[in-house]
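Peer 1: kindly return the folded structure for what I paste below:
(4 chains, ligands or ions: 2)
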There are 2 protein chains.
Amino acid sequence: MRRIAESTVRRLSLYLSFLEEIEARGVPTTSSEDLARLGGTTSAQVRKDLSFFGSFGKRGLGYSVPELSARLRRILGLGRQWRVCIIGAGKIGAALARYAGFTERGFIVSAVYDSDPSKIGSRWGNVKVRDEASLERDIEAGDYQIAVLAVPADSAQNLADRVVRAGIKGILNFAPVQLTVPNDVALRAVNMAMELEALTFAITNKVD
Amino acid sequence: MRRIAESTVRRLSLYLSFLEEIEARGVPTTSSEDLARLGGTTSAQVRKDLSFFGSFGKRGLGYSVPELSARLRRILGLGRQWRVCIIGAGKIGAALARYAGFTERGFIVSAVYDSDPSKIGSRWGNVKVRDEASLERDIEAGDYQIAVLAVPADSAQNLADRVVRAGIKGILNFAPVQLTVPNDVALRAVNMAMELEALTFAITNKVD
DNA sequence: CTACCTTTGTGAACTAATTCACAAGCTCCC
DNA sequence: GGGAGCTTGTGAATTAGTTCACAAAGGTAG
Ligand SMILES: NC(=O)c1ccc[n+]([C@@H]2O[C@H](COP(=O)([O-])OP(=O)(O)OC[C@H]3O[C@@H](n4cnc5c(N)ncnc54)[C@H](O)[C@@H]3O)[C@@H](O)[C@H]2O)c1
Ligand SMILES: NC(=O)c1ccc[n+]([C@@H]2O[C@H](COP(=O)([O-])OP(=O)(O)OC[C@H]3O[C@@H](n4cnc5c(N)ncnc54)[C@H](O)[C@@H]3O)[C@@H](O)[C@H]2O)c1
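Peer 2: Ligands and ions are numbered 1, 2, ... in the order given. Prediction:
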């Protein structure tokens, strides 16, 4: 398949979230124009984004909401359950472990890993805190495909290397460091400093 | 000033973080090649990014680390203190309020706002939980320039409208909704679902 | 069946971002 | 002081992404 731009993937996620809202309101069809308005883009952009994957609409009518959302789910790889572990049972790890948004989207979080003996063995809701020493064993057993890194910056690369070696397929990194992983492993980073700096840049260099 | 691409701003933040590491190691100069290697880009990209703002290096020699990082800080608007409030004293709000990374970057978080009477008045470290009813008054008094939204999705737009009316300059949104704000207000969003979906898309559509 | 309205899907045109490639500037050394 | 060796800064070329614009297709009403 032709390489898909990251911006396209982001927009597909966005369209899916709009479709879910529209579906919840019981509206049966929608149009590229509707989705564009909701997403702050143009209808041509919506149609072009979808066209990379096929043709899902009916001319003159628009798109069937359930059909298009099913298609987008499939395109985004959401047609299956994903098992996720969180590494680092600190402040951000705790928030993530209890975050309902994961489950709602079909991501199963069943464990958090930490190295601190005082945390290991405790239970947060139905999530257990496990010893990070068993991380490799659990990943190799197929318990998780995705790891969320919520550890201090100076442990992050080491843990990334370990989970990669054990066969993880995707990493979502919250530590403020640039990780290096083989390019068959998917990597995304959430970097608060960068987000805040994008804000201060925009405020400071306002066009008016 | 010519409009600067968002990708450029993201890379400037990244370069700054590399410069801070390099500075901490006591290395006095660096080159576009070094920064490119660290950031997974090309030296031409680094030089082009910087060239939008001036010319900071010495041919044949490279860049003075303290000078370039000072320049980047100024470009990114970090030459001053920014006061930030967090709205929503829930799981993610709690993690953010105690996050050292904010303070390290010169962002001062002094209050969290919530509507839940059982939370209002409590104190987390040196951060107080205040009644969201006083949000407008505090913003109008100049207490904050930036608001971080960590409230449920269905309250987020309403709170955004309120803080905008009160004069906030930038919003960092954690709720999984697309907010609408006037375009003189800077807006960034951290959307977990999108990050995870970017991972599952990449894993599912792997090029091999 | 036809005219008319709507909205898709997509090449073509355009705009933005990245990469190339090299002259210019700085240092060092003989 | 001049040549060698680096590395910057930047137009030009290239590549990527977005928007335009319209033919094609579906629906509806008369
Ligand atoms: N708190 C936030 O709001 C926030 C926001 C964005 C990013 N971050 C980043 O997320 C990371 C974690 O932040 P935090 O605030 O939760 O810190 P924290 O100190 O509360 O938690 C870190 C946890 O990681 C554990 N840990 C350390 N080394 C480990 C290892 N080798 N294996 C397993 N666990 C290990 C520690 O025991 C601790 O429980 C940091 O890199 C931070 O910069 C935090
Ligand atoms: N927990 C996570 O890891 C996580 C991650 C990403 C995004 N989010 C998003 O962040 C938001 C908060 O998530 P959470 O897990 O912290 O939820 P939470 O329920 O723990 O916290 C929400 C808080 O907001 C407060 N609140 C509600 N309405 C308010 C109002 N009008 N004014 C002020 N405060 C109000 C509630 O009292 C509560 O304390 C949600 O939109 C969620 O989707 C959460």
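Peer 1: quick check: phi and psi on the residue nearest the centre of chain A?
Peer 2: Residue closest to the average C-alpha location in chain A (C-alpha atoms, centre = their mean): A:L172, at 7.4 Å. As for A:L172, its main-chain torsions (degrees, to the nearest 10) stand at phi -110, psi 110.
Peer 1: ok, now which ones touch it?
Peer 2: Contacts for A:L172 (C-beta atoms under 8 Å, 6 or more residues apart in numbering or on different chains) come out as A:I146, A:A147, A:V148, A:L149, A:R188, A:A189, A:V190, B:E195, B:L196, B:L199. Using the backbone N, CA and C atoms, a C-beta is placed for each residue, glycine as well.
Peer 1: right, and the fifth one touches B:E197 too?
Peer 2: No: taking contacts as C-beta atoms under 8 Å, A:R188 lies outside contact range of B:E197: 9.7 Å.
Peer 1: buried sites along the worst-scoring helix or strand of chain A on mean pLDDT?
Peer 2: Here the helix or strand of chain A ranked lowest by mean pLDDT, DSSP states H and E is helix A:100-104, holding a mean of 88. Buried residues in helix A:100-104, counted by 16 or more other C-beta atoms under 10 Å in any protein chain shown: A:G101, A:F102.
Peer 1: the next helix or strand after it - what's its average pLDDT?
Peer 2: Next in sequence after helix A:100-104, counting helices and strands by DSSP states H and E, comes strand A:107-114. Strand A:107-114 carries an average pLDDT of 95.
Peer 1: how about the helices in chain A?
Peer 2: Using DSSP state H, the helices of chain A run over residues A:6-24, A:32-39, A:43-51, A:65-75, A:91-97, A:100-104, A:135-140, A:153-166, A:192-204.
Peer 1: returning to that earlier point: most neighbours out of the contacts of A:L172, which is it?
Peer 2: Compared across the contacts of A:L172, A:V148 has the highest neighbour count, 29 neighbours, by other C-beta atoms under 10 Å in any protein chain shown.
Peer 1: ok, that residue to B:G77 distance?
Peer 2: Distance of A:V148 to B:G77, given as C-beta to C-beta, to the nearest Å: 30 Å.
Peer 1: what of A:G90?
Peer 2: As judged by C-beta to C-beta, A:G90 and B:G77 stand 29 Å apart.
Peer 1: so these two - more neighbours on which side?
Peer 2: A side-by-side neighbour count of A:G90 and B:G77, using other C-beta under 10 Å, places B:G77 first with 21 against 18.
Peer 1: pretty sure the more buried one is touching A:F201, no?
Peer 2: Yes: using C-beta under 8 Å, B:G77 is in contact with A:F201, at 5.5 Å.
Peer 1: how about the residues of chain A by DNA strand D?
Peer 2: Residues of chain A found near DNA strand D (C-beta under 7 Å from any atom of the strand) are A:3, A:5-8, A:41-42, A:44-45, A:47-48, A:58-61.
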